[in-house]
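K.L.:
After the sequence you'll find the predicted model.
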Amino acid sequence: MNKKIILFFIIIWALILNVFSFKSFYYNFIWSNFYDNKLYDLSIWYFEKSWNLEWIYNKSNSLYKQKKYEEAIKNYLSILSKDNNYIDFNINNNIWNSYFRLWESVEDISKIIDYWEKSISYYRNALNIKYDEETKQNLE
């Protein structure tokens, strides 16, 4: 009897996992279409339906494209992970770009200095993760 109950729960769990993976595939497909057509608000809505870190990264990219740099930075920081150098490099680069855009858009000298220092910090982080000639030239 116990084996049947366990088997029942294993089957239910497998079905749930398949539904979630299908759902993630669906959201990714829809997101791609909205993002490609520059419908960033709609793409963000679909990002929020997922728990996947890659989706949060893509959401951050949409926020960046909408010039919502502070929101993009918050989202990038929420997924910054030392386990994945490729993602870390891109996230640090994107955080740098976001701070750089903020730096260009303010007139308050204290904010300019703060954004500039943060942008340089994240550029250095990116270079420490992976050497990239274009990144190095941008830093210089």
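P.N.:
Good, I have the coordinates. These figures come from a predicted structure and were not determined experimentally.

K.L.:
contact partners of stretch 98-114?
P.N.:
64, 67, 69, 70, 72, 73, 76, 115, 116, 118, 119, 122 (C-beta atoms under 8 Å, 6 or more residues apart in numbering). Every C-beta, even on glycine, is put in place using the N, C-alpha and C of the backbone.

K.L.:
Buried subset of those residues, written for ChimeraX?
P.N.:
In ChimeraX, this line selects whichever of these come out buried by 16 or more other C-beta atoms under 10 Å:
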select :64,69,72,73,76,115,118,119,122
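
K.L.:
In strands, which of the contacts of stretch 98-114 appear?
P.N.:
Judged by DSSP state E, strands contain none of these.

K.L.:
Any chance of JSON lines for the contacts of stretch 98-114, columns pLDDT?
P.N.:
Putting those into JSON lines (pLDDT from 0 to 100) gives the following:
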{"residue": "64", "pLDDT": "94"}
{"residue": "67", "pLDDT": "94"}
{"residue": "69", "pLDDT": "95"}
{"residue": "70", "pLDDT": "94"}
{"residue": "72", "pLDDT": "94"}
{"residue": "73", "pLDDT": "94"}
{"residue": "76", "pLDDT": "90"}
{"residue": "115", "pLDDT": "91"}
{"residue": "116", "pLDDT": "89"}
{"residue": "118", "pLDDT": "91"}
{"residue": "119", "pLDDT": "89"}
{"residue": "122", "pLDDT": "89"}
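
K.L.:
Adding distance to residue 130, write the contacts of stretch 98-114 out as CSV.
P.N.:
Formatted as CSV, the contacts of stretch 98-114 follow (distance: C-beta to C-beta, whole Å):
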residue, distance to residue 130
64, 20
67, 27
69, 23
70, 26
72, 21
73, 20
76, 16
115, 23
116, 23
118, 20
119, 18
122, 13
